[in-house]
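Peer 1: here is the input, now give the coordinates:
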Amino acid sequence: MRIVEIFKSLQGEGKNQGAPCIFIRFAGCNLRCSWCDTAYAWEGGEEMSAGEVLDIVWRLHGTRICITGGEPLLQQQALLELLQKFAVHGYNVEIETNGTIAFTDMQEYASICMDVKCPSSGEQSDLDLLRHITPRDCVKFVVADVADCRYAQAVIAHYDIRGEIFISPVAGSDYLAIARYIVDQNLPVRFQLQLHRIIGVK
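Peer 2: Down below sits the predicted model:
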């Protein structure tokens with residue numbers, strides 16, 4: 001599998017925000033979001049075996065793992081092998097995905113955080129995948145403006161999303177306007193700023 005980096009930090013977003021976490025960033029992505037903050041992971045990376053990844057993770061002394069990208073589900077076969085090894089060792093694993101590739105084969109071994117792409121991203125997720133979200137999983141809308149909030153609101157109204165829902169503003173956007181929209185519309189979401197950007201960690 002192609003891996004860009006493995007490091008330990010605080011989880012900056014999602015349901016585990018603030019918890020110590022080991023991040024495994026897979027190389028390659030099938031989207032090109034306009035506000036992407038990890039464009040360096042679109043290509044490249046180093047070829048690693050599941051055993052090599054597991055060895056690095058073990059030396060970082062953590063129990064919680066976030067598999068991210070890029071888009072990790074582009075390497076499904078290798079990812080599934082890695083998840084099975086993590087399950088044997090009792091790790092708590094979450095996969096961050098852009099919602100364009102089916103993830104049901106992974107749900108036995110990991111929770112899913114599906115990032116639904118809003119209009120400002122210039123990309124689009126497969127909204128039919130939302131029916132596979134379970135209470136163990138979560139959904140995130142990264143929004144740049146109120147128009148994105150309206151899109152998220154329409155998606156939430158149309159789909160029965162069983163996991164927790166987060167709205168996360170793009171860095172530098174009008175946080176207050178987005179927060180006010182959530183409050184005024186009484187959206188069933190949690191407003192969440194990216195913690196890692198606030199405190200300046202990777």
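Peer 1: use CA for all of it now, contacts and neighbours both
Peer 2: OK.
Peer 1: show me the strands in this structure, by range?
Peer 2: 2-10, 20-26, 46-47, 64-68, 92-97, 111-116, 138-143, 164-169, 190-191 (DSSP state E).
Peer 1: can you list contacts of the longest one?
Peer 2: Counting contacts by CA atoms under 8 Å, 6 or more residues apart in numbering, the residues outside strand 2-10 that touch it are 17-27, 41, 44-48, 56-57, 60, 196, 201-202.
Peer 1: can you select the buried ones from these in PyMOL?
Peer 2: Selection of buried members from the contacts of strand 2-10 for PyMOL, criterion 16 or more other CA atoms under 10 Å:
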select buried, resi 17+20+21+22+23+24+25+26+27+41+45+57+196
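Peer 1: okay if I get the strands of the chain as TSV plus mean pLDDT and distance to Gln77?
Peer 2: As requested, the strands of the chain are exported to TSV (pLDDT from 0 to 100; distance: least, CA to CA, whole Å):
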stretch	mean pLDDT	distance to Gln77
strand 2-10	97	12
strand 20-26	98	13
strand 46-47	97	14
strand 64-68	98	14
strand 92-97	98	14
strand 111-116	98	17
strand 138-143	98	23
strand 164-169	98	28
strand 190-191	98	33
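Peer 1: now those strands in CSV, with distance to Asp105?
Peer 2: Output for the strands of the chain, formatted as CSV (distance: least, CA to CA, whole Å):
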stretch, distance to Asp105
strand 2-10, 20
strand 20-26, 18
strand 46-47, 23
strand 64-68, 15
strand 92-97, 12
strand 111-116, 11
strand 138-143, 17
strand 164-169, 21
strand 190-191, 27
